[in-house]
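In: Sharing a model that was predicted from the sequence below.
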Amino acid sequence: MTRPLTFVAIAAAAVMLTGLTAAPAQAASCGKQAYADGTFGPAVCRDGQANTDVQSAYEKVAPALMALPASATRAQIRAAMCQDRKGNASGEMLFDAVEYQAARYEWSRGLTHRVTRALIAGRYC
């Protein structure tokens, strides 16, 4: 559906009158793709931002990890990972959720490195 030309003209005039310029779209939305292993991605967009298009899928499969705050510690991340693993989240799902949260909250690699190494090695809890 196209917008009426008057709407576009009014919006353009409002931008000119206020002196604002259109801000570039944030790349935090870069699509959702289902993978053969049952996961969704990408967790992180090309610009390094968390991909909001997969957030709800991750909240369903890894609710404890996705409920963590920005101030989470490594111990809290690991405990949430174990809780979600007991809820049948696969290692791939957990890895994706950790990567998403790391991008979302700008967690340092030092905070998440041991957790992701454990996931890759299959050592969950």
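Out: Happy to help now that I have it.
In: going forward, measure contacts between C-alpha atoms and count neighbours the same way
Out: Fine.
In: shouldn't residue 50 be in contact with residue 97?
Out: No: with contact taken as CA atoms under 8 Å, residue 50 and residue 97 are classed as non-touching, separated by 10.0 Å.
In: list the residues that contact both of those two?
Out: Shared between the contact lists of residue 50 and residue 97 (criterion: CA atoms under 8 Å, 6 or more residues apart in numbering) are residues residue 43.
In: quick one, which of these two is more surrounded?
Out: Here residue 50 and residue 97 are compared on neighbour count by other CA atoms under 10 Å; more neighbours surround residue 97, at 28 against 25.
In: Next, find the distance separating that one from residue 63.
Out: Using CA to CA, to the nearest Å, one obtains 9 Å as the distance from residue 97 to residue 63.
In: same deal with residue 50?
Out: Taken as CA to CA, the span from residue 50 to residue 63 is 16 Å.
In: Same check on residue 79?
Out: When distance is defined by CA to CA, residue 79 is 12 Å away from residue 63.
In: coming back round to it: what residues do residue 97 and residue 63 have in common as contacts?
Out: When CA under 8 Å, 6+ apart defines a contact, no residue borders residue 97 and residue 63 alike.
In: what's the neighbour count on residue 102?
Out: Taking other CA under 10 Å as the criterion, the count of residues near residue 102 is 21.
In: ok, it touching residue 113?
Out: No: under the criterion of CA under 8 Å, residue 102 is not in contact with residue 113, lying 10.4 Å apart.
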